[in-house]
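Asks: Got a predicted model here, sequence first, then my questions.
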Amino acid sequence: MTTLDAQFHQLHQQGLLILTNVADATGARLVESLGGQAVATSSAAVAWAHGYPDGNALPLERLVATVESIARVVSVPLSVDVEAGYSDDLGGVAEVLDAVIAAGAVGINIEDGSGDPELLASKIALAREVAGKRGVKLFINARTDVYLRALVPAEQRVAETLRRAALYQAAGTDGLFAAGVMAADEIAAICQGTALPVNVLGLPGLPSPQELQDIGVRRLSAGSGIAEFLYGAMGGLVKSFLATGTLDTRELKAFTYSEVNGLLKQHG
């Protein structure tokens, strides 16, 4: 029987793996029941579900409890978004990584944000070491925020993304998450410029899944988009019910990431 960690690696080798990001066990079970080949958490969605803003604010025990509850109800590989490891101290990052692997994760997303890429490289090497001690062939997906945070001028983004891809690959990453890239030619250039399986974020205006697959993308993630819609829909229902005593579903729309995160920032 193929282990879940090996299975998750295999899912990145051909075709396009579509990963639906969830906040909790029921959402994960729903994804699996609808044919999801694997399940991933959204760090934002998990944080919001526990009353914290996204941005390394979620207490470890809440994260671990979420991972354990998801792993209990699904039989497909589980990848966990650990943001930036919830710390820049490598000892703290090791604690987080060990805990989520012990709880059932066979993959992680870990990001550089606006920090030093060398720091993420150190965290990737650490993740490989921690997973090895647990006997898990962890799929490490290194997210670079070159595009999301506009870290360099637009004409330099492909080159900077590939520079970081090489650094992270040397440190031991298994995949590259070029979050925020949208243009087909830039996506293709990134795919052609690295041997790593490339992951993109499913934002409005992105090329179709078939086109993404054709230009070399191996993974497509929903990110926090599903949670944003659900909270927006909840807001619409609540507004209607408070005003009229009825549940009016006719004008539901998604909240934005900033609207949901802003609700919780003062309590983070």
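Replies: Perfect, I can see it now.

Asks: Quick check: which element contains residue 242?
Replies: Using DSSP states H and E, residue 242 falls within helix 225-244.

Asks: Quick check: buried residues in that helix?
Replies: 225, 226, 227, 228, 230, 231, 232, 235, 236, 240 (16 or more other CB atoms under 10 Å). Glycine gets a C-beta too; all of them are placed from N, C-alpha and C.

Asks: Redo those residues as CSV? Include pLDDT and distance to residue 50.
Replies: Converted to CSV, the buried residues of helix 225-244 look like this (pLDDT from 0 to 100; distance: CB to CB, whole Å):
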residue, pLDDT, distance to residue 50
225, 96, 19
226, 96, 17
227, 97, 12
228, 96, 16
230, 95, 15
231, 95, 14
232, 94, 19
235, 94, 19
236, 93, 23
240, 92, 26
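
Asks: Kindly reformat the residues you listed as TSV and extend each row with distance to residue 201.
Replies: Listed next are these as TSV, based on distance: CB to CB, whole Å:
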residue	distance to residue 201
225	8
226	12
227	14
228	13
230	18
231	18
232	18
235	23
236	25
240	31
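
Asks: Give me the distance from the helix holding residue 242 to the chain's centre.
Replies: 24 Å (CA atoms, centre = their mean, to the nearest Å).

Asks: residues in contact with that helix?
Replies: Contacts to helix 225-244, defined as CB atoms under 8 Å, 6 or more residues apart in numbering, come from residues 20-23, 42, 44-45, 48-49, 202-203, 246-249, 251-257, 259-260.

Asks: Can you flag which of those belong to strands?
Replies: Counted as lying in strands by DSSP state E, out of the contacts of helix 225-244, are 21, 22.

Asks: and the gap between the closest residue to residue 122 other than its chain neighbours and residue 191?
Replies: Closest residue to residue 122 apart from its sequence neighbours, by CB to CB, 6 or more residues apart in numbering: residue 90 at 6.3 Å. Per CB to CB, to the nearest Å, residue 90 is found 31 Å from residue 191.

Asks: These two - which one has more neighbours?
Replies: It is residue 191, of residue 90 and residue 191, that has more neighbours when counted by other CB atoms under 10 Å, with 20 against 14.

Asks: correct me, but that one touches residue 219?
Replies: No - with contact defined as CB atoms under 8 Å, residue 191 does not count as touching residue 219 (11.2 Å).

Asks: joint contacts of these two?
Replies: residue 198.

Asks: Give me the helices and strands touching the helix or strand bottoming out on mean pLDDT in the chain, please.
Replies: Every helix and strand of the chain was ranked by mean pLDDT, DSSP states H and E. The lowest is helix 257-264, at a mean of 85. Helix 257-264 sits against helix 43-49, helix 225-244, with contacts defined as 3 or more CB pairs under 8 Å, 6 or more residues apart in numbering; DSSP states H and E.

Asks: Buried residues in it, which are they?
Replies: The neighbour-count check on helix 257-264 (16+ other CB under 10 Å) flags 257, 260, 261, 264 as buried.

Asks: mind giving me the domain ranges of this protein?
Replies: Domain ranges of the chain: 4-223, 224-268, per automatic domain parsing.
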